[in-house]
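Peer 1: The following block contains a protein sequence and its predicted model.
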Amino acid sequence: MQKKSNNVKDLKPKIWNEWADPDGSIGKAYGYQMAKKIQFKEGVFDQVDYAHYLLDHTPFSRRIILMLWNPEDLIDMNLQPCAFCSTFNVTQEKGDDKLTLNLHLVQRSQDILAANNWNVVQYAALLMMFAQVHNMRPGKLFHTITDAHIYDRHVPIVKELITRKQYPAPKVTLDPTITDFYKFTPDSFKIEDYVTGPSVGKIEIAI
């Protein structure tokens, strides 16, 4: 959403490496779709900047959407997006001057063990970042998964995880001085009271 790149060499996470070509590209997927310039009635924007424009100018619009699923480009995607549609929704409580930003993520398919925590944390962080730069309160993250599955090779790990002790969720806050979405870095996040069990080790990804 920030770098808008479809090349794994530009990105710190390694989750797309299995689908990259020798040059590092994953084709016309993910960052490529976010970087593509589109003619809207208000002007030419990429999808991310257009979402920011709408939140600034018409925050109650029901059309603030980030769409990764582009049918005409699917043939050129090394990996077709799993989490593909993000819809922002702004609400306001009676008597409250501050708006609340909510986000609904729609996912066609999800590898529960490998991706569920990743997707939830990723889009919760995105919601917090968008809310802060538009002086809104982060609200609810809604997550719809059409096909949520556990691969057979992951079943023993999942069985172990669900028997483990659960800990309270950590507290996550952002550097309050940042008002530009593109200025956020990992260091902008402060995580407190994070307690976790031992690592389950490397998770084999089904390709």
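Peer 2: The structure has been received and is ready for your questions. Numbering: from 1, shown residues only.
Peer 1: buried ones in the lengthiest helix in the chain?
Peer 2: Identified as the longest helix of the chain according to DSSP state H is helix 112-133. By neighbour count on 16 or more other Cβ atoms under 10 Å, the buried set for helix 112-133 is 113-116, 119, 123-133. C-betas here are computed from N, CA, C, even on glycine.
Peer 1: so how far is that helix off the chain centroid?
Peer 2: 5 Å (Cα atoms, centre = their mean, to the nearest Å).
Peer 1: How about stretch 189-202?
Peer 2: Using Cα atoms, centre = their mean, the offset of stretch 189-202 from its chain centre is 19 Å.
Peer 1: So which residues make contact with it?
Peer 2: Contact with stretch 189-202 is made by 125, 157, 160-161, 164-165, 167-168, 170-175, as judged by Cβ atoms under 8 Å, 6 or more residues apart in numbering.
Peer 1: Quick check: mean pLDDT of that stretch?
Peer 2: In this model, stretch 189-202 has an average pLDDT of 94.
Peer 1: Check the separation of the first and last residues in it.
Peer 2: 25 Å (Cα to Cα, to the nearest Å).
Peer 1: how about the nearest residue to the residue nearest to the spatial centre of the chain, chain neighbours excluded?
Peer 2: Nearest residue to the geometric centre of the chain (Cα atoms, centre = their mean): residue 123, 3.5 Å. Nearest non-adjacent residue to residue 123, counting by Cβ to Cβ, 6 or more residues apart in numbering: residue 105, 4.9 Å away.
Peer 1: how many other residues sit next to that neighbour?
Peer 2: Per other Cβ atoms under 10 Å, the neighbour tally for residue 105 reads 22.
Peer 1: quick revisit: now the longest helix of the chain: average pLDDT?
Peer 2: 96.
Peer 1: That helix: what's the following helix or strand?
Peer 2: Per DSSP states H and E, helix 112-133 leads on to strand 137-149 as the next helix or strand towards the C-terminus.
Peer 1: where do the strands sit along the chain?
Peer 2: Using DSSP state E, the strands of the chain run over 38-40, 43-45, 65-67, 83-91, 100-111, 137-149, 171-174, 189-192.
Peer 1: TSV for those, including distance to residue 10?
Peer 2: Converted to TSV, these look like this (distance: least, Cβ to Cβ, whole Å):
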stretch	distance to residue 10
strand 38-40	21
strand 43-45	21
strand 65-67	19
strand 83-91	19
strand 100-111	23
strand 137-149	26
strand 171-174	23
strand 189-192	20
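Peer 1: of all those strands, which lies closest to residue 1?
Peer 2: strand 65-67 (7.8 Å; Cβ to Cβ).
Peer 1: returning to what we had before: contacting residues around the residue nearest to the centre of the chain?
Peer 2: 83, 86, 103, 105, 141, 143.
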